[in-house]
Structures are given as C-alpha cells and as structure tokens.
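Participant: sequence first, predicted model second:
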Amino acid sequence: MHVTPYAKHLAVALSLVVMAGCSSTGGTQDGSMAGSNGAGSAGMNGGASTQGMNGGQVGSNSMGKRDGQQDGIPQVRTIYFDYDRDTIRSEFEPVMTAHAQFLKSHPNASVVLQGHTDERGTREYNLALGERRANAVERYLTVQGVSPSQLEVVSYGEERPAVRGTSEDSYAQNRRVVFDY
C-alpha cells in the first residue's frame, strides 16, 4: 500500500523534470491574413524597434467586418515573445493598450487570444507555454478594464506555425499571441 503514493509522487516528479528539461521558443508573426508586409520582422531584433507596429495606431479592420464587428480594430494583431518566456515585452504594451481601449469602447466585441510557440520542446510543453502566453495577454487586458467575458484563450502550441523553418528567425516569428476578432 505504500508503493502507490510513492509511485504517484515519482511519476509527478519525473514529469516535472522532463518538462523542465524541454524548452520552447517562439517567434514573431504579423497575424494578418494579408501576408508578410514587414511588420512581423520589426520586433525580432532585440525588441528595440517597433517600426510598423505602432500600438497606438488604430485603423480600419483590414479583414473587413465580420460577425457584426465594428471598424477601428487595431491593425497590429500579433505580439511576440522571447524564447521560452510568457512575459509581455515592453515594446508591445502600446499594442495591448490599443486593443484594451477598443474592447472597452466596444463591449459587444470579443477576441480569441491564440497562443503559439515554435517547434522546440514537447507538444505538451508547447501547449502549456502557448496558454501561459495567451493568459498573460488576458491578464493585461483585464487589468486595463476589459471584461473577461470578451476574452477567450486558446493555445495552439507549435501546431500552427506562422513560418516553417529551423532558423532563429523562423522560431522568432512563431513565438506569439494573435488577437483573432
């Protein structure tokens, strides 16, 4: 009878060791359906430049109206994360603030926060990391006053890469959270 609790603790400990040994990296991706326009690479050089990713810029919905959504959805719909991290980089705070302002001024609007990672790490670890990234965005938005009922979190982990490839540039484009209105 003493073997069962021991075995459970051992299994949990081994799982944690395996997960700790794996790491996932992500990258950046524009997230728009229009393709690559250079905005996706602006945040990949150490995070100092936000050229093409003006978070305060709120323009018309480039995807057109969908499900009764209003124009004015921020154009930048993707934020990027550092390797194996779920903390929001300071360069993307203006983007987050713009989305928060839009959602607060449009209480009927909703958004799905899609968390992504690159292919490094196990499938399970990457799903968890993608969820942590999307949850970090959700927390930021709710602190800004967005109603939690307007937000949904989904993690795709490594399953939906923005860019295929094994270079650091490709990985960087896949570490992201996409705002899907």
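Facilitator: Alright, I've got the coordinates.

Participant: tell me where the chain has helices.
Facilitator: 3-21, 93-105, 123-143, 168-174 (DSSP state H).

Participant: enumerate the positions of stretch 144-156 that are buried.
Facilitator: 146, 150, 151, 153, 155, 156 (16 or more other C-beta atoms under 10 Å). Where you see a C-beta, it was placed from the backbone N, CA and C, and this is true even at glycine.

Participant: residue 118: which of those residues is nearest?
Facilitator: Using C-beta to C-beta, residue 156 comes nearest to residue 118 of the buried residues of stretch 144-156, at 11.7 Å.

Participant: ok, what's across the strand from the nearest residue to the closest one once chain neighbours are set aside?
Facilitator: Excluding the flanking residues, the one nearest residue 156 by C-beta to C-beta, 6 or more residues apart in numbering is residue 116, at 5.5 Å. Applying DSSP bridges to residue 116 gives these bridge partners: residue 157, residue 176.

Participant: residues contacting the nearest residue to residue 140 once chain neighbours are set aside?
Facilitator: Nearest non-adjacent residue to residue 140, counting by C-beta to C-beta, 6+ apart: residue 96, 5.2 Å away. Residue 96 sits next to 55, 79, 88, 137, 140, 141, 144 when contact means C-beta atoms under 8 Å, 6 or more residues apart in numbering.

Participant: try it again at 10 Å.
Facilitator: Each residue near residue 96 by C-beta atoms under 10 Å, 6 or more residues apart in numbering is listed here: 55, 74, 76, 79, 88, 136-137, 140-141, 143-144, 177, 179.

Participant: now those residues in CSV, with pLDDT and distance to residue 104?
Facilitator: What follows is the contacts of residue 96, written out as CSV (pLDDT from 0 to 100; distance: C-beta to C-beta, whole Å):
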residue, pLDDT, distance to residue 104
55, 35, 15
74, 96, 13
76, 97, 18
79, 98, 18
88, 97, 18
136, 98, 19
137, 98, 15
140, 98, 13
141, 98, 9
143, 98, 12
144, 98, 7
177, 98, 19
179, 98, 14
